[in-house]
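1. give the three-dimensional model of this entry:
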Amino acid sequence: QVQLVESGGGLVQPGGSLRLSCAASGSMISLLDMYWYRQAPGKQRELVASITAGNSKTTYTNSVEGRFTISRDNVKNTMDLQMNSLKPEDTAVYYCGAAWELPSTWRSVPYWGQGTQVTVQS
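-> Take a look at the predicted model:
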């Protein structure tokens, strides 16, 4: 069984930074690709960034490219999302997810954390 717990959300002004962390437990976690998704009110959950299990290859959605950095530590079983130059449109609940491979939709992701709120406003 895989359990994921996010931390690090909060309120920040536009242009500021936050670092989200996802603590993972379970014997398989180092074999799983991991993701950060976010969901704003009234919107679908969207993939923000992903990192593969083996070679830690990363991908980002266009709107965060160059501002966000995803990383993982397979010894500590953690995954982080460093978010810089935050914008009001980044406001959402951010979720940590894990799967054997990138699912076609977020509904197919088998393992989720509880989510952490990020609010960007003046």
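2. please name the residues that touch the most centrally placed residue in the chain.
-> Centroid-nearest residue in the chain, with CA atoms, centre = their mean: W36, separated by 2.0 Å. By CB atoms under 8 Å, 6 or more residues apart in numbering, the residues touching W36 are 20, 22, 47-50, 70, 79, 81, 94-97. Heads up, the C-betas are built off the backbone N, CA and C, glycines and all.
3. next step: the residues you listed restricted to strands.
-> When those are checked against strands (DSSP state E), the matches are 20, 22, 47-50, 70, 79, 81, 94-97.
4. can you add neighbour count, distance to Y111 and pLDDT and give these back as TSV?
-> Below are the ones in strands among the contacts of W36 laid out as TSV (neighbours: other CB atoms under 10 Å; distance: CB to CB, whole Å; pLDDT from 0 to 100):
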residue	neighbour count	distance to Y111	pLDDT
L20	25	16	98
C22	26	10	98
L47	18	15	97
V48	23	16	98
A49	22	16	98
S50	19	14	97
I70	23	16	98
M79	27	12	97
L81	25	16	98
Y94	23	15	98
Y95	23	10	98
C96	28	9	98
G97	24	6	97
